[in-house]
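S.K.: generate a structure from the sequence data that follows.
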Amino acid sequence: MNSSYVAIERVDEETFDESWQRFKHSSGLSFTDCTSMTLMDELETRHVFTFDQHFRDAGYRQIR
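M.R.: Below is the predicted model:
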């Protein structure tokens, strides 16, 4: 939990609601993916370490 490489972000009600809206209007995305994308948008982060194609399809830069 104390790392200079990883930040833990808490999901507040506003972020949860926005993630839920994204989830309802997506096709094939999990709620977890939608929440991650919402947080990434809030933090203005476009790079993601993942093997999940959905992030690249949504316009994020996938780093493997």
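
S.K.: so which strand or helix has the spatially closest residue to R22 that is not a sequence neighbour?
M.R.: Nearest residue to R22 in three dimensions, chain neighbours excluded: C34, at 4.2 Å (CB to CB, 6 or more residues apart in numbering). Quick note: C-beta positions are derived from backbone N, CA and C, even for glycine. Following DSSP states H and E, one finds C34 within helix 31-42.

S.K.: could you identify the helix or strand that succeeds that helix?
M.R.: strand 47-49.

S.K.: on that earlier part again, pull out the C-alpha coordinates of the helix holding C34 and format them as PDB.
M.R.: Extracted in PDB, the C-alpha atoms of helix 31-42 (Å, rounded to 0.1, in the frame of the first residue of the first chain):
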ATOM      1  CA  PHE A  31     -18.200  -2.800 -14.600                       C
ATOM      2  CA  THR A  32     -14.600  -3.000 -13.400                       C
ATOM      3  CA  ASP A  33     -13.300  -1.900 -16.800                       C
ATOM      4  CA  CYS A  34     -15.800   0.900 -16.900                       C
ATOM      5  CA  THR A  35     -14.700   2.100 -13.400                       C
ATOM      6  CA  SER A  36     -11.000   1.900 -14.400                       C
ATOM      7  CA  MET A  37     -11.700   4.000 -17.500                       C
ATOM      8  CA  THR A  38     -13.700   6.500 -15.600                       C
ATOM      9  CA  LEU A  39     -10.900   6.900 -13.100                       C
ATOM     10  CA  MET A  40      -8.300   7.100 -15.900                       C
ATOM     11  CA  ASP A  41     -10.300   9.900 -17.500                       C
ATOM     12  CA  GLU A  42     -10.600  11.800 -14.200                       C
END
